[in-house]
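Participant: need coordinates for the following:
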Amino acid sequence: MSEHSTTKRRSGIYREGVLVAIGLTILTAVEFYIALNLSSFAIMMILALLKAILVVNYFMHIRSLWSEDEH
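Facilitator: This is a model prediction of the structure:
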C-alpha cells in the first residue's frame, strides 16, 4: 500500500470518527431538549436507538464482520 493511499485511508477514518462524534453530540442535545420540554417516551426511544446504531457500527466495528477485506 502506498503512502498516499494510507494517508487517504486514515483521513477517511478520522473524518468518519469526527462525524460520529458530532452526530452523537447532536442526538444527545436533542434528547436533552426533549426530556426537559416534551417528555415523549417514544421520541426518546427513537433517539436512543439511533445513538445505539452509531455506537455499534462505529465503535464495535460490526460492519467489518460482513466485509470481504481482511485487515
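Participant: longest helix of this protein?
Facilitator: If you go by DSSP state H, the chain has its longest helix at helix 3-37.
Participant: next SSE after that one?
Facilitator: Using DSSP states H and E, the helix or strand that follows helix 3-37 towards the C-terminus is helix 41-59.
Participant: picking up where we left off before, just the angle between the longest helix of the chain and helix 41-59, please?
Facilitator: For helix 3-37 and helix 41-59, the angle between their directions (axes from the mean of the first three to the mean of the last three Cα atoms, to 10 degrees) works out to 160 degrees.
Participant: show me what helix 3-37 is packed against.
Facilitator: Helices and strands in packing contact with helix 3-37 are listed as helix 41-59; criterion 3 or more Cβ pairs under 8 Å, 6 or more residues apart in numbering; DSSP states H and E. For every residue, glycine as well, the C-beta is placed using N, CA and C.
Participant: okay, the helix it packs on in CSV with CA atoms only?
Facilitator: These are the backbone C-alpha positions of helix 41-59, laid out as CSV (Å, rounded to 0.1, in the frame of the first residue of the first chain):
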residue,chain,number,x,y,z
PHE,A,41,-41.1,8.3,25.7
ALA,A,42,-41.4,7.3,22.0
ILE,A,43,-39.1,10.0,20.7
MET,A,44,-36.6,9.3,23.5
MET,A,45,-36.5,5.6,22.5
ILE,A,46,-36.1,6.5,18.8
LEU,A,47,-33.2,8.8,19.7
ALA,A,48,-31.6,6.1,21.9
LEU,A,49,-31.9,3.6,19.1
LEU,A,50,-30.2,6.0,16.7
LYS,A,51,-27.4,6.6,19.1
ALA,A,52,-27.0,2.8,19.7
ILE,A,53,-26.8,2.2,16.0
LEU,A,54,-24.0,4.8,15.7
VAL,A,55,-22.1,3.3,18.6
VAL,A,56,-22.4,-0.3,17.5
ASN,A,57,-21.5,0.4,13.9
TYR,A,58,-18.5,2.7,14.5
PHE,A,59,-17.0,1.7,17.9
